[in-house]
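Visitor: Turn this into a structure:
(chains A and B)
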Amino acid sequence: MIHISMKKQYFNRYSIGTLTLVVLMMSCVSDLDVKPIDPFVKSADKVYTTKDLYKEGLAKLYATFGLTGQRGPAGNQDVGGVDEGFSSFVRSLWYMQELTTDEAVWTYGNDANGTIFNLHFNTWLPSDGIPEALYARIANVAALSNEFIRVTAGKTDDPDFKNFQAEARFLRALAYFYGMDLYGRLPFLTEKDLPGSFFPPMIQRAALFDYIEKELKAIKPDMGAPRFEYGRADKAACAMLLAKLYLNAEVYIAQPKYTEALTELNEVIAAGYVLSPRYANLFRADNDKNNSEIIFAQAFDGARSQAYSMTQVMINGNAGNGGWAGLRTTSAFVGKFPVLTEARAIFATESKGQSLEIDAVNVSTQGYGVFKFRNITAAGVDAPNNSTGFPDTDYPMFRLADAYLMYAEAVLRGGAGGTRANALSYINAIRSRSADVIAGNAPGVITDSQMTLDFILDERARELYWEGHRRMDLIRFGKFTGGSYLWPWKGGIKNGTAIDDKYKIFPIPSSDLGTNPNLKQSDGY
Amino acid sequence: MTKFYRTASKYLAVFLVFASLGLQAQERTVTGKVTSSDDGSPIPGANILEIGTTNGAVTDGDGKFTLNVGANATLSISFIGYKTTQIVVGTQTNIDVVLVSDVTALQEVVVIGYGEVQKKDATGAVLAISNKDFNKGVLTSPQDLLVGKFAGVQITSAGGAPGAGSTIRVRGGSSLQASNDPLIVIDGFPVDNMPPTGAGSLAGVSNPLAALNPNDIETFTVLKDASATAIYGSRATGGVIIVTTKKGVSGKPQFSYNANVSVASPIKFVDVMNASQYRSLVNTLAQTGTSGIDAAAVAKLGTASTDWQKEIFRDAISHDHNLSASGSLKNMPYRVSYGYTDQQGILKTTGLQRHSLNINASPSFLNGDLKLDMSVKGSVTFNNFGEAGAVGNAVTFDPTQPIKDATAQEYGGYFSWLNKERNTDGTPKILNGTANPVAQLNQTNNQSTSNRLIASIKADYKLPFFPAVKLTVNAGIDRSVSDGFNRAPLTAAFANNNGVLVGRDNTYGGRNQSELLDIYANYLKQFGQHKIDFTAGYGWQHFYREAYSINKDQSRTVSNPSKSENYLVSFFGRLNYTFNGKYLLTATLRNDGSSRFAPANRWGLFPSVALAWRMKDESFLSKIDAISDLKLRAGYGETGQQDIGEYYPYLATYQVSDAQTQYQLGYNSDGSPRFYNTQRPNPYDPNIRWETTTTINVGLDFGLFDDKVTGSVEVFQRDTKDLLNNVRIPNGSNFSNFLTTNVGSMENQGVEVTLSTRAVTKKDFTLHVGANFTAINNKITKLNLTNDPNFIGNFTGGVGVATNIQNNQVGFPVRSFFPYQQVYNTAGKPIEGLFVDRSGDGGNVLGNDRNRFRYRRPEPDFLIGINSRGNYKKFDFSLSGRLSIGNYVYNNVESGRAFYNGVYDLGHFRNVPTSINDAQFTTQQLLSDYYIRNGSFFRMDNMSVGYSFDRVFVDRLKARLSLTVQNAFLVTNYKGIDPEIENGIDNNIYPRPRTFLLGVNFTF
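Guide: Numbers count the residues shown, from 1 in each chain, chains lettered A, B, ... in the order given. So this is what the prediction gives:
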């Protein structure tokens, strides 16, 4: 009897204990439902609670063109598989538009798995690192824009949201435009495609052309008025992109669209932008404020917007200024300037230890350095954030001088809606900017008879060098591939040699071909 | 565990002594001493029994006994873990007995997950060693105790820095991106596997073992195959290392003090040009203008002759003290120990001081039915990290320049490279040139304080009404806190941005904490020939990490806080079933829930089953004397992996930008730019789930010639599927081109052999020789969703700007080197820039990935560990070494420096290795297979001799004096400093020193 009662006691005590344990275990299982506690991470459904937060989402879409991740200057990168600096949209775009031409040379041949000289030598391959980086970035801009278009859908009663939506679509179109220009065909996604695990379809160049054209036309009414807020694309930026699409239409879809181009350029020119009186100020630390010429720029700030992006590389990576001495230019480009005392010819020459000719691409003292981009202000003093190692200098993507030259070219190519007289006055306006204290004189005006297509190509080089236009221009003028124009190291030869027409486009990166069976490689690769 | 049995047998012995009290007086007295054949140390608590009587004695703390015996007496001397010996007394009055250790003794137990098992009943690949087998003279890094001791366990230290972490791999890695670290269980507490660097790491807390004082460790047990590890389910794929610390023993208090003093010296420097060789090289290059060297450049050469590597290293003196007391307060055995280490690093200014305190007590209540194990392990470590970057800069710095330069007062007097340009305010700019390594060391103040506390309490309660059932509750907390700073004054030339001196005032800190609750029950019962040992339970563990860093200089303040947490909840069970003592079955099942996965994928089930057959106990073998033990084992098990460094990979989340990645949109009303944070959706995979590894293991344990030779052979196959992998995904399909998802699979096969021989077991001379052999083959079998054979794989092993020398690809081992194939001339000299066109594509060979090929891997083909110990009279000795064959090393020290265009770079000179004379490259050839070198080596990790004094001044005081050499010598054809590099890329790590260590140990 005693034993039994003792056991009962034990059992009672034990069953209470068991019960406690079971309750404990159940409550602990629910611990598995965690929510982010990191101050920098939020659940997607908790992000967009105010209009300002939506604007932060929009700010990311702009930042995807210049910055590289959510930690500055590097870290938490948006695009993987590549050095984070190369994943900057404007940097890899610049490399592909400039290093492939007479305008720029890079010193360090081991970069990007030894593939960087393939750009100089016009021998690129599907496995090259830089084209792969931009290709991935373009898809990334599209994916992030699609998400933002989805989350702002249905909010278009508010005019601010109308702008937000239109700008997101503009930025997606901008990314696709460069993708169409460089690769011809792309994996293609719109806001209807939710993120997941699937194989995106491929779109061909002509279809992508149509898509971009329709998008830009559709959103232009919803874009902000010119200069409504610095850093944001406005109606003029939208027209400028359309104009670039049309100006290059013969390359993209084998149809002349110069008249359409002029329509858009007239809108750009009428938008109220004016030339900066001093050329050099366009590329300095305070270029967000000191001019009204830049239509659309990628903004940087030495303290608040840091990345190993293109203005940082052009300023710190230049030869002749004690930086990494990565970038120089060729004698072919320097030769575009009849005299080096011209204000726009901002070079580091023999006085800075640089020679004109390049016998070896990997010797940093061969080839002039280019001091066009500086991290000093218009007043000539160091930028306030200079000591961070990152510039305040913004990267101009569209500016009025480009529109003027495009206008002249469209007129010369037979487009209706513009006049030679206007074209000449625009060119002479560019050439009449006041002298620059650093480099010298204004180049001076030209006459109508001097205004030829060849002149325009050279003038574009002199005016717009190192701004990421050169390859596109040379292709449009038929001088990129083939042997009609040679520059040092074109085709991998010191004096230059003809290259195959297939190099007008870059191949689809093999890394994406290997992961997406919907893709097909371009001809010749 | 031996301690536990010593304790138990002491009780038994005491009982026997009491039992014999009533007996009549004996005819004569014998005295004697019982010692161990392993190291000659006395065995306290051994039983001495006069055969045929109940007359007996037990040895005291010195192994001595006194016993009155009858005529013609035969004594039986026994102790757990040793072979029982019988001795005919005859006319002897003094009998010294050497007991031979019986490593396969049936009584020996090994700890396994949530319990222990007698070694004879073990069914899995489990290896254990106790402190007598540890490597000697280990001061701060407990994992060094194990180096070379186990087949299939590779431990590679991160370098020679005091307290440096190590990479521990059990049977190689079976994950690509998820953690390959083994789970470390300290006294029943599975501790958080903090990475040594990066997210989740804490400065000065290099790995989970760093919390422990090596002197407090009693045993290490390695669970290798899945049938042994699957009880730890999702955390067990990398193997499990179970650590037990020393516990108190009952009896009189015992005190022990030991101290070491050591001198560590660098062994080898990178062979670079001296000042005069360098001057003549520069002058030669100037003739051709190579590397842009002109007269102006030559004028920058200095007149000094500085051996920079000698300037930054030193002979480092360290000392180490440990004091412990153990004994028993009534029914509560306890042990308290305190350790203090002051270790200098061979790199000047580096070092650490550590205090550690370890307290444990094991009281029992309710007549022994309730046992508590309480333990607190605490340590405080002060680290001085110095500036490890000085190691590489000392190789590169121009040997013609002086350390100090009177004209460089603005840089604290240290010679620094100056720019030819000046800033607009007139201050000189500094190049992105090599930093003066001596200035780096002297002007850097880089210290941290880290604390770690592991406190746990375990209660075992045997149900009084059902004694076959034991309930266990184990609760604990593991908390690490670290704070540090890294400062440099405004005069530090190396702390510049764009040439502007900005100084450095970085502070950082963090806290990692995990809490644990395990509740389990064990049922143990023998029914005739059936023995059942069943355990079932529940585990809960919470992991929390927070960290901050504030990087501050004159130009900016960058603050980066972070916080994360995750949970693991588990249910587990194990059945050990034994039939007839010969046929053994173990089955385990674990159900793990991880907060990293969505509810639908959260739970993973990890089963295992193993069978063992004690063949020696069969009649057909019992008569064969040469075979003293034979057991065949076979096991199958599944384990999981969820430790991927991401905490919410299944959740749609947004990442907010930090203060440096904002974006300007417009202006504020005062005209200043208006910056916005940016919101970025993160890539996520809602379907992400467990990575699963299946292991099949077959093993044979054997003993020959009365166990003079023992050993085991293991063969295993491991297949991992659903690899948790941050892989390239189709562009556009998610919010990045890389996503952490389940894709890919890989396999590992291996053979392991462990051998141990007691070569000599004489009274005054014992010799034990052990060896282990490991060969592991690794192959990736699937890498992405498409299985496209043209997919080039994923690059890894960065050696330059976006330049990688290694690659993961289907059909090849992980991290295979992936170079271009160098072409050589007939004299065997590499022809610069000429590579084999393996693709046949023509055109540029370099720059076409299709010409690259997979060539060797960093992991060795064979790894052989050897160890030996023994004693001769009062002398004892031990040694331990490793032979690694077929590990290849990419010599990045050479490829990064040995080319003529690198001699003068960005306006300043850089020294070059003398190996520049071999290949004579003008430009850098980073991707040539020329730099991939055979790194096979033999390293004598440890050699030690000791001498024991039985009596120092007084009887109770005993002492042992020892001399140890760590990292005694290295035999290799590799021309760099050290070929033992975990990832196979030799990038000038903090070199491992050779250390001479004098130790003294007192017990009383």
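Visitor: what number of residues lie near the closest residue to B:Tyr411 other than its chain neighbours?
Guide: Setting aside the residues directly before and after it, B:Tyr411 is nearest to B:Ala493 in space (CB to CB, 6 or more residues apart in numbering or on different chains), at 4.1 Å. C-betas here are computed from N, CA, C, even on glycine. For B:Ala493, the number of neighbouring residues by other CB atoms under 10 Å in any protein chain shown comes to 26.
Visitor: Return the set of buried residues in stretch B:265-276.
Guide: The neighbour-count check on stretch B:265-276 (16 or more other CB atoms under 10 Å in any protein chain shown) flags B:266-267, B:269-270, B:272-273, B:275 as buried.
Visitor: Convert it to CSV, retaining C-alpha atoms only.
Guide: In CSV, the C-alpha atoms belonging to stretch B:265-276 read as follows (Å, rounded to 0.1, in the frame of the first residue of the first chain):
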residue,chain,number,x,y,z
SER,B,265,61.2,32.3,-33.9
PRO,B,266,60.5,32.8,-37.5
ILE,B,267,61.9,29.9,-39.6
LYS,B,268,62.2,31.3,-43.0
PHE,B,269,61.7,34.5,-44.9
VAL,B,270,60.6,35.1,-48.5
ASP,B,271,63.8,35.2,-50.5
VAL,B,272,63.9,38.7,-51.9
MET,B,273,66.6,40.9,-53.3
ASN,B,274,68.9,42.6,-50.8
ALA,B,275,69.8,46.2,-51.3
SER,B,276,72.8,45.8,-53.6
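Visitor: tell me the contacts of whatever residue of chain A ends up closest to chain B?
Guide: Closest to chain B within chain A is A:Gly72: 2.6 Å, counting by CB to the nearest CB. Taking CB atoms under 8 Å, 6 or more residues apart in numbering or on different chains, we find A:Gly72 in contact with A:305-307, A:390, B:558, B:657-661.
Visitor: and if you look at B:Asp685?
Guide: Taking CB under 8 Å, 6+ apart as the criterion, B:Asp685 is in contact with A:197, B:649-650, B:734, B:739-742.
Visitor: In a markdown table: these, plus distance to B:Leu704 and neighbour count.
Guide: Compiled in a markdown table, the contacts of B:Asp685 are given as follows (distance: CB to CB, whole Å; neighbours: other CB atoms under 10 Å in any protein chain shown):
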| residue | distance to B:Leu704 | neighbour count |
| --- | --- | --- |
| A:Ser197 | 56 | 16 |
| B:Pro649 | 52 | 23 |
| B:Tyr650 | 54 | 21 |
| B:Asn734 | 59 | 24 |
| B:Leu739 | 54 | 25 |
| B:Thr740 | 50 | 22 |
| B:Thr741 | 51 | 24 |
| B:Asn742 | 46 | 20 |
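Visitor: just to revisit the earlier point, from the contacts of A:Gly72, which single one is nearest B:Ile885?
Guide: Of all the contacts of A:Gly72, B:Ile885 sits closest to A:Ala307, with 45.7 Å by CB to CB.
Visitor: May I see the contacts of A:Gly72 organised as TSV, with pLDDT added?
Guide: Shown next, in TSV, are the contacts of A:Gly72 (pLDDT from 0 to 100):
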residue	pLDDT
A:Ser305	94
A:Gln306	93
A:Ala307	93
A:Phe390	91
B:Val558	84
B:Ser657	94
B:Asp658	91
B:Ala659	90
B:Gln660	91
B:Thr661	94
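Visitor: Tell me which two of those sit farthest apart.
Guide: A:Phe390 and B:Ser657 (14.8 Å).
Visitor: Neighbour count: those two, which is higher?
Guide: A:Phe390 (31 against 27).
Visitor: what helix or strand does B:Leu755 sit in?
Guide: Secondary structure assigned from DSSP states H and E places B:Leu755 in strand B:745-761.
Visitor: what helices or strands is that strand leaning on?
Guide: With contacts defined as 3 or more CB pairs under 8 Å, 6 or more residues apart in numbering or on different chains; DSSP states H and E, the secondary structure elements packing on strand B:745-761 are strand B:709-721, strand B:765-782.
Visitor: quick one: average confidence on it?
Guide: Taken as a whole, strand B:745-761 carries a mean pLDDT of 91.
Visitor: Ok, stretch A:245-252 next?
Guide: Stretch A:245-252 comes out with an average pLDDT of 97.
Visitor: Equivalent analysis for stretch A:179-191, please.
Guide: Per-residue pLDDT values over stretch A:179-191 give a mean of 96.
Visitor: Enumerate the positions of that stretch that are buried.
Guide: Within stretch A:179-191, the residues that qualify as buried are A:179-189, A:191, counting by 16+ other CB under 10 Å.
Visitor: The nearest residue to B:Arg596 once chain neighbours are set aside and B:Phe675, how far apart?
Guide: With CB to CB, 6+ apart as the measure, B:Gln642 is the residue that lies nearest to B:Arg596, at 5.3 Å, once sequence neighbours are left out. Taking CB to CB, to the nearest Å as the measure, B:Gln642 and B:Phe675 are separated by 38 Å.
Visitor: more crowded one of the two?
Guide: For B:Gln642 and B:Phe675, the more surrounded residue by other CB under 10 Å is B:Gln642, and the numbers stand at 26 against 22.
Visitor: close enough to count as contact, the more buried one and B:Leu724?
Guide: Yes: contact status for B:Gln642 versus B:Leu724: in contact at 7.4 Å, counting by CB atoms under 8 Å.
Visitor: show me what contacts the closest residue to A:Thr497 other than its chain neighbours?
Guide: Distances taken as CB to CB, 6+ apart place A:Gly491 nearest to A:Thr497, at 3.8 Å, with adjacent residues excluded. Residues near A:Gly491 by CB under 8 Å, 6+ apart: A:121-123, A:497-499.
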